[in-house]
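> Structure for the following, please:
(chains A and B)
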There are 2 protein chains.
Amino acid sequence: MTTTTVPQKRRAEDLTATALESKIAEQPALNGNGVATTNGHATNGTTPSSLPALDASQLKITLADPTLRSVPTVEEACSGLETICTDHMITCSWKASSGWAAPELKPYGPLSLMPTASVLHYATECFEGLKVFRGYDGKLRLFRPDCNARRMLMSTLRISLPGFDPKQLEILIEKLMAVDGPKWLPESRPGQFLYIRPAAIGTQPQLGVQAPKEALLFITASFMPRMDLPKGGMKLHTNPEDMIRAWVGGFGYAKVGANYGPSLLATNEARERGFGQILWLYGPEGYCTEAGASNFFLVWRTKDGKTQLITAPLDDKLILDGVTRRSIVELARERLAGEVEVVERKYTIDEVLEADREGRIVEAFAAGTAFFICPVSQIHHRGTDVHISMGKTGEIGHYTSKLKNWIGDIMYGKEQHPWGVVIEEEKKQ
Amino acid sequence: MTTTTVPQKRRAEDLTATALESKIAEQPALNGNGVATTNGHATNGTTPSSLPALDASQLKITLADPTLRSVPTVEEACSGLETICTDHMITCSWKASSGWAAPELKPYGPLSLMPTASVLHYATECFEGLKVFRGYDGKLRLFRPDCNARRMLMSTLRISLPGFDPKQLEILIEKLMAVDGPKWLPESRPGQFLYIRPAAIGTQPQLGVQAPKEALLFITASFMPRMDLPKGGMKLHTNPEDMIRAWVGGFGYAKVGANYGPSLLATNEARERGFGQILWLYGPEGYCTEAGASNFFLVWRTKDGKTQLITAPLDDKLILDGVTRRSIVELARERLAGEVEVVERKYTIDEVLEADREGRIVEAFAAGTAFFICPVSQIHHRGTDVHISMGKTGEIGHYTSKLKNWIGDIMYGKEQHPWGVVIEEEKKQ
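Model prediction:
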């Protein structure tokens, strides 16, 4: 046995999850010529910094015939087994040997992948979800797309796909909506939204278990049903002890495919029992983490009578740093100061059960892009049911409603706010 | 708060990981008409048992022009960035509404997937890996394909894809090799192998997070380099404390894509430091679990002088139930009885370091389909290196060599054994 240090060319922390932060900091920014500049470190361990970076200004546009497809109602679009997308998608391909190719905006259609493509075997994949809103003032808005773009970069690096300047992704998202927004989310549909899905996948047709040397980033926009008002509220079922979603030292904080597929078995079973989502607990303590694929919030009164808005913390990297979560925490701290204390800390299902027995639970809700802010009416935990008030209306509690309205008003342009990013549309119909 | 039981139509254990075992038992067998018969439970929660099951006898065959592609040497085939597959592949598509379609054997080529396909976002994917061997007696053999087919079923159900009768998968694998074996692994290449990759993916083009209602099972055969004799032996680097592979209550025991992509970050970094794979430790105790994507074995002397072959246990479902691992355990128990004690139990990296300080480590190796039985020469753990003997030859230790030869002899037909399954080839070239 000998005692050594690792080769000095590598930094001590490079093997750790913490290394992700330095990798993110190393991402190239454009130098004006579409060429990446970095501080000298290779990105993804493979791309020399002199290769082309992702550059939205190089976008090649091939438009679809706009008469080929008509725009369905949301109900029609969401009635089948297939997600209905808009006329176009954006694709950006990358190779370790040549960097990012020019992005393309082109007619929506299938991708061709070799059966040996990395993503089909090794889950080298990650994604984002954000919405575009048709405001009551006629304008098209994104909600904090910078947050999604930065998180996409983090997820991409976590799953060993190539990095990029998040600002370029943001510009590409805006471009897709500038082209498809006027037709697919017209001014005649104020208060409606489309769902934008950026995704990145490893496409190298190589079965060796390794970081892909070829990748594709693509962006689609589609219809999604409203999910924030399930009849009777969202009902949660806690996970069984022998099936957990994420773990410390894992990747629960990254929006990688690997967090989703393995959770479907429990979610399906909960749905067959009449519950909407799993409330994922962690560890022998039973810490409350996420509700399905959304963040989870409780409003309760503490034993000394304070009103608290509580949610799981980010520091142990178990849960997703949700954009809706973040916005709720920030707005509640700003606008409910003195009235409601906002707390991000670990708390257990036993604390929830105790608060329920003592009549201290005020409201609960799930928060995420898909479910927006969705009232929770019930939590089932191993034979015990916690029933939670849905407010005087029976539809949504007081604080849940306030937070939802504030954020909704920013999304739909009722409140002018820096979080609502207006898209300049190509032409309005 | 009220106390309830879950609706009685669902069994109490259905939400748990244990439920997988009953789901596996419920899988349909064919009734002779290509129609599944089950004990009455729906499979995948969606398929009525009256829908067609996977039925190899329905195989539709479309042959490629055999003159279009010539067969490279292994070296040529493995020199590029792309896995080289044989002339054909088998695909089997499934829909929740119509069950399994007739399988197809057809020319190898790309798959067409919608950008919204489940597999590209939610890692609804799993696979198997097995080899086909050209024996020294001229015959083509699989090694225990029944084990791979049964594990594939388990992985498929774990990731919420549709079940099937594993025997049908086995027949399809044999069929692909019966057609492609004579050309791509000819009798002139005794002692060589091809790598067979069955995989299943969720293809439903639907962004809602749910079990896919459409899926594709496909099988390819390809060249893979020999990886069992790296110069100087395999060198392992333990994972950092803040990045672990699998966890109790997770899916480390299933061959699902979600186990692979997230591990690439640590593996890449270890490779840049000159190590071949990560030795994945688990928990604050630092239990040794897997070496990269292979099982890990140590031969050591106990404090009381016994020679032991030790490997991590299966019961906590952290590690893969490897076919090579299982074969090693079974053969060692049978053929090394009285000489070597075979132990499947949790053991820690500290036990390994202590054994090394006391000069009790005899040999170590990784075991899996890709790496076969690969000697390990070094383990680096947080500044400390354990150097392990590679035997008198400097290439492979005594016990490692014995086990490898026994299994190799079965694979290549030097020993006639029930584990070696001979394929009846369509025509020999």
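> Every contact and neighbour count from this point should use C-alpha atoms.
Noted.
> Quick one: mean pLDDT over stretch A:27-45.
Regarding stretch A:27-45, the rounded mean pLDDT is 55.
> So which residues of the stretch 201-350 of chain A form strands?
In the stretch 201-350 of chain A, the strands defined using DSSP state E, counting those that start in this stretch lie at A:214-222, A:234-238, A:277-282, A:287-291, A:294-301, A:307-311, A:341-344.
> Does chain B have contacts with the fourth one?
No. Under the criterion of CA under 8 Å from any CA of the partner chain, chain B is not reached by strand A:287-291; the shortest gap measures 12.9 Å.
> so how far is that strand from its chain's centroid?
With CA atoms, centre = their mean, to the nearest Å as the basis, strand A:287-291 stands 16 Å off its chain's centre.
> Next, the angle from that strand to strand A:307-311.
Following axes from the mean of the first three to the mean of the last three CA atoms, to 10 degrees, one obtains 70 degrees for the angle between strand A:287-291 and strand A:307-311.
> about what we covered before: who wins for proximity to A:Arg271 among the strands of the stretch 201-350 of chain A?
Among the strands of the stretch 201-350 of chain A, the nearest to A:Arg271 by CA to CA is strand A:277-282 (7.0 Å).
> I'd like to check what contacts that closest one. Which residues are they?
Outside strand A:277-282, the residues that touch it by CA atoms under 8 Å, 6 or more residues apart in numbering or on different chains are A:234-239, A:244-247, A:266-267, A:270-271, A:287-292, A:348-349, A:379.
> Below-threshold pLDDT in chain A: ranges please.
In the predicted model of chain A, residues A:1-18, A:28-49, A:428-429 satisfy pLDDT under 70.
> all helices for it, in order.
Assigned by DSSP state H, chain A shows helices spanning A:19-25, A:74-77, A:118-122, A:145-158, A:166-184, A:264-272, A:323-335, A:349-357, A:398-411.
> Show me which positions of the shortest one end up buried.
This means helix A:74-77. A:74, A:77 (16 or more other CA atoms under 10 Å in any protein chain shown).
> And the strands in the stretch 51-200 of chain A?
A:60-61, A:88-95, A:99-100, A:104-107, A:111-113, A:125-127, A:130-134, A:140-143, A:193-202.
> Setting aside sequence neighbours, what's the nearest residue to A:Ala149?
A:Pro166 (5.0 Å; CA to CA, 6 or more residues apart in numbering or on different chains).
> Count residues in the vicinity of the one you found, would you?
23 (other CA atoms under 10 Å in any protein chain shown).
> if we can go back for a sec, ranking the helices of chain A by burial, who's on top?
Among the helices of chain A, helix A:118-122 has the highest mean neighbour count (mean count of other CA atoms under 10 Å in any protein chain shown), at a mean of 30.
> Now do that one: distance to the chain's middle.
That offset, for helix A:118-122, works out to 21 Å (CA atoms, centre = their mean).
> helices and strands around it, which ones?
strand A:193-202, helix B:118-122, strand B:125-127 (3 or more CA pairs under 8 Å, 6 or more residues apart in numbering or on different chains; DSSP states H and E).
> Show me the one of these that comes nearest B:Gly383.
Per CA to CA, nearest to B:Gly383 of those: strand A:193-202, 33.3 Å.
> Break chain A into its domains for me.
A:13-222, A:234-396 (automatic domain parsing).
> Give me the spatial nearest neighbour of A:Lys404, chain neighbours excluded.
According to CA to CA, 6+ apart, the nearest residue to A:Lys404 is A:Ile373 (6.0 Å).
> What residues does that neighbour make contact with?
A:228, A:324, A:365-367, A:400, A:404.
> Among those, pick out the one closest to A:Gln210, please.
Out of the contacts of A:Ile373, the member with the shortest distance to A:Gln210 (by CA to CA) is A:Thr324, at 34.0 Å.
> and the closest one, what does it touch?
A:Thr324 makes contact with A:367-369, A:372-373, according to CA under 8 Å, 6+ apart.
> next one: A:His417
A:His417 neighbours (CA under 8 Å, 6+ apart): A:Ile410.
> what about it, distance to A:Ser70?
33 Å (CA to CA, to the nearest Å).
> Contact residues of the stretch 201-350 of chain A facing chain B?
A:201, A:204-207, A:209-211, A:218, A:220, A:239-251, A:256-266, A:268-270, A:273.
> What's the PyMOL syntax to select whichever of these are buried?
With 16+ other CA under 10 Å as the criterion, this PyMOL line picks the buried residues out of these:
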select buried, chain A and resi 201+204+205+206+207+209+210+211+218+220+239+240+241+243+244+245+246+247+248+249+250+251+256+257+258+259+260+261+262+263+264+265+266+268+269+270+273
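> Dump the helices and strands packed on helix A:118-122 into a markdown table; add distance to A:Ile171 as well.
Listed next are these as a markdown table, based on distance: least, CA to CA, whole Å:
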| stretch | distance to A:Ile171 |
| --- | --- |
| strand A:193-202 | 12 |
| helix B:118-122 | 22 |
| strand B:125-127 | 32 |
